[in-house]
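With the sequence up front, the predicted model follows.
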Amino acid sequence: MAAPILTLENIGLIQGSGWLLRGLDLFIGERDRLALVGRNGAGKTTLLKILAGQTQLDEGRRTMQPGAKIILLEQDPSVAGFATLHDFALRGPDAPEAHEVESIANQLGIDLNRDAATASGGERRRAAIARALAQSPDVLLLDEPTNHLDIAAIEWLEAWLQRYRGAFVVISHDRMFLTRLTRSSLWLDNGKLRRTEVGFGGFEAWTEAVFAEQAKNADKLDNKLRAELHWLERGVTARRKRNQGRLAKLATMRETRKAMTGPQGVAKIALAADDNKTKVVIDAEHVTKAYGGRTLIKDLNLRVLRGDRIGVIGANGTGKSTLLKLLTGEIAPDSGKTKRAATIQSILIDQQRARLTPGSTVRDILADGGDWLEVGGVRKHVAGYLKDFLFDPNVLEAKIETFSGGERSRLLLAREFARPSNLLILDEPTNDLDLETLDLLQEVIDDYAGTVLIVSHDRDFLDRTVTMVVALGTGDDGKVDVVAGGYSDWEAKRREDLRPIPTPTPASIAREQAANGQRKPQVKLTYIEGRELGLLPGQIDALHGEIATIEAALADPKLYTADFKKFEKLTKTLDATRAKLAAAEERWLELEAKAEVLAS
């Protein structure tokens, strides 16, 4: 087994009056793909800075292979002191080659000549990504890399990381991004770090097993201490299970929407002259809107019903905010018309969330200093409402200054959801939220009695919450697509419409070549090499199957506690099988390239 590239041994870090992290051990191998998961405020970003060598330890040791390049992509990169994003991207002693940075920037759709001082968060993030990737690091440390990126940029980054030969550790609230890319998971909780050799797709099942073991141990303690230790964990566990059940309800709602939708590609929701007309919240007919000579939205027909959950997607600049303003009547269309129910009472929660008044307590923010508030027509005690939003009721008198950024975002959500409304507009609501808060937000949206409009680049969140997707910028001249379902339903339609060429795998290339008699001449390969090249695709397919079987077994929430030796054995087997797969794929590429050269 190769030596780790980067190692932390028994490290500790004091923050404020106590230990933020203590007794942590971590090694990063040369091809590790690690998801780093934990609540906001747990110290995830701090741990990345320790790995990058940017934070001084109070105890323990950090070691790395000589000459290894460790690059940190910060969550909020500072461009202060740089005239342009190009200057920023080429900064530092290990600055990358200009042509490498420019090539990646072009693929990400960012103009590096932009004035750094006026660049948006998304532009700064893309410039930082270009700088980080262009340095060809051995280890990439990624802190919320998808924040402020549109779906096209997220998918480009996914594809790059899938080809990347180094190791990476990633913090992200984007479940789909984590599931597609990671092979192991790190869980940072209460200053301790746990690791499992299962990617994020199996993370929740693994944590359920850990919670179950903790609950068993806590049952031996007195009732008061047990409640203090586990009220949050058990609440989170129950919420996850409820949200899984809600997905079945969401599927039924989507089927209902499909039955009401007109012909494929037609944005108007067809309604007969029946009771449904009384449920119309917003009705847009042949709406067109242009800015600066560019048509953002053309001939849009969309009828929004009471209770709809509509997701709005599109690349940055395609008109998502414009669409929201058209639907809510903030701006008028150039042609066509929009009608809204007279009883609409809307609230907007956007990514530029209003600041909380300094010096205010939690009680002040939620209940104007009192004990009760009304939520959806129901009177609730402020302490109970706090628990609904993952806060310990004991923080009622805490000042807002003592909360982390993520906790403040959660508190703002609690305040906004307490306001009376029947139309909820969420503009990038998932930014700066941890995974547990996203579970909470999913639940709150599902329970909301009114209509919801969600602008988001978080594909998994859309899959979990919306009944219909409105996609902008999918074609020329303001074409708008409307698909009943979630993001995955829209993506399936897009693939069908575009009929893309699938990304070939070594096995699929070999099968296609064999079926069509197109195997490249291998007369100059040795007999053994030719035979090996012919056998490798089948071996690669078999290894993929073995990996899938092992990962499915490791995802069993009972395995960790019921048979730890088996769990440990399977994780080691998984490592070995992944190594075999990497070696087989490398060998196939090597032999295929050789055959191609000899045949040319």
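Nice, I can see it.

End to end on stretch 110-119, go ahead and measure it.
Start-to-end span of stretch 110-119 (Cα to Cα, to the nearest Å) is 10 Å.

now do stretch 50-61
Length of stretch 50-61, first residue to last, Cα to Cα: 10 Å.

same thing with stretch 183-199?
Start-to-end, stretch 183-199 (Cα to Cα) is 4 Å.

Check stretch 423-434 too.
The first-to-last residue distance of stretch 423-434 comes to 25 Å (Cα to Cα).

For Ala132, see how far away Ala342 is.
Note on Ala342: its distance to Ala132, by Cβ to Cβ, to the nearest Å, is 52 Å. The C-beta positions use only the backbone N, C-alpha and C, and glycine is treated the same way.

Leu8 - that's part of a strand, no?
Yes. Counting by DSSP: H, G, I helix; E, B strand; the rest coil, Leu8 is located in a strand.

Who has more neighbours out of Ala342 and Ala132?
Taking other Cβ atoms under 10 Å, Ala342 and Ala132 do not tie; Ala132 has more neighbours (22 against 5).

give the contact list for that one.
Ala132 is in contact with 71-73, 140, counting by Cβ atoms under 8 Å, 6 or more residues apart in numbering.

Can you check the pLDDT for it?
Turning to Ala132, the model gives it a pLDDT of 94.

hang on, it is in a helix, isn't it?
Yes. Assignment of Ala132 by three-state DSSP places it within a helix.

Now do it against Arg303, distance only.
With distances taken as Cβ to Cβ, Ala132 is found 45 Å from Arg303.

shaky segments in the protein?
1-2, 92-93, 214-246, 260-278, 351-355, 475-476, 498-524, 555-561, 593, 596-600 (pLDDT under 70).

can you tell me which two in the contacts of Ala132 are farthest apart?
Longest distance between any two of the contacts of Ala132 is 8.3 Å, between Leu72 and Leu140; criterion Cβ to Cβ.

Which segments of this structure make up each domain?
Annotated domains of the chain cover 6-213, 259-345+421-498, 506-599 [automatic domain parsing].

From the contacts of Ala132, pick the one nearest Lys44.
Set against Lys44, the nearest of these by Cβ to Cβ is Leu72 (12.5 Å).

and that closest one, what does it touch?
48-49, 51-52, 54, 132, 141, 143 are the contacts of Leu72 under Cβ under 8 Å, 6+ apart.

Buried ones among the residues you listed?
48-49, 51-52, 132, 141, 143 (16 or more other Cβ atoms under 10 Å).

mind putting the contacts of Ala132 in TSV, secondary structure included?
Listed next are the contacts of Ala132 as TSV, based on three-state DSSP:
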residue	secondary structure
Ile71	strand
Leu72	strand
Leu73	strand
Leu140	strand
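
and Thr45, what element?
According to DSSP states H and E, Thr45 maps onto helix 44-51.

hmm, who's touching that helix?
By Cβ under 8 Å, 6+ apart, helix 44-51 touches 6, 8, 11, 13, 15, 20-21, 24, 26, 28, 36-38, 55, 57, 62, 70, 72, 75, 139, 141, 143, 169, 171, 188, 193.

Show the buried residues in the residues you listed.
The buried subset of the contacts of helix 44-51 - by 16+ other Cβ under 10 Å - is 6, 8, 11, 13, 20-21, 24, 26, 28, 36-38, 55, 57, 62, 70, 72, 75, 139, 141, 143, 169, 171, 188, 193.

So which of these are in strands?
Among the buried ones among the contacts of helix 44-51, the residues falling in strands (DSSP state E) are 6, 8, 11, 13, 20-21, 24, 26, 28, 36-37, 62, 70, 72, 139, 141, 143, 169, 171, 188, 193.

residue contacts, the closest residue to Thr573 other than its chain neighbours?
Excluding its sequence neighbours, the residue lying closest to Thr573 (Cβ to Cβ, 6 or more residues apart in numbering) is Ile550, at 6.1 Å. Remark: with contacts taken as Cβ under 8 Å, 6+ apart, Ile550 is in contact with 570, 573-574, 577.

Shouldn't Ile550 be within a strand?
No. Assigned with three-state DSSP, Ile550 falls outside any strand and is helix.

tell me the SS of Arg379?
What three-state DSSP gives for Arg379 is strand.

what bridges to the closest residue to it other than its chain neighbours?
With sequence-adjacent residues excluded and distances taken as Cβ to Cβ, 6+ apart, Arg379 is closest to Trp372, at 5.8 Å. Beta-bridge partners for Trp372, by DSSP bridges, are His381.

Neighbours of Trp372, how many?
The number of residues packed near Trp372 is 11, by other Cβ under 10 Å.

can you start the count at 398 instead of 1 from here on
Shifting the count to begin at 398 puts that one at Trp769.

Hmm, it is touching Val779, no?
Yes. Trp769 is within contact range of Val779, at 6.7 Å (criterion: Cβ atoms under 8 Å).

Columns distance to Ser581 on top of the buried ones among the contacts of Leu469, output as a markdown table?
Below are the buried ones among the contacts of Leu469 laid out as a markdown table (distance: Cβ to Cβ, whole Å):
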| residue | distance to Ser581 |
| --- | --- |
| Leu445 | 16 |
| Lys446 | 20 |
| Leu448 | 15 |
| Ala449 | 19 |
| Ala529 | 21 |
| Leu538 | 15 |
| Asp540 | 18 |
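
Return the closest of those residues with respect to Leu988.
Among those, Ala529 lies closest to Leu988 (Cβ to Cβ), at 32.8 Å.

sorry, back to before: tell me the one of the contacts of Ala529 nearest Asn544?
Distance to Asn544, by Cβ to Cβ, is smallest for Leu470 among the contacts of Ala529, at 10.6 Å.

Could you give the bridge partners of the closest one?
Counting by DSSP bridges, Leu470 is bridged to Leu539.

Contact partners for it?
Neighbouring residues of Leu470 by Cβ under 8 Å, 6+ apart: 525-526, 529, 537-540, 542.

re earlier: how far out from the middle of the chain is the helix holding Thr442?
19 Å (Cα atoms, centre = their mean, to the nearest Å).
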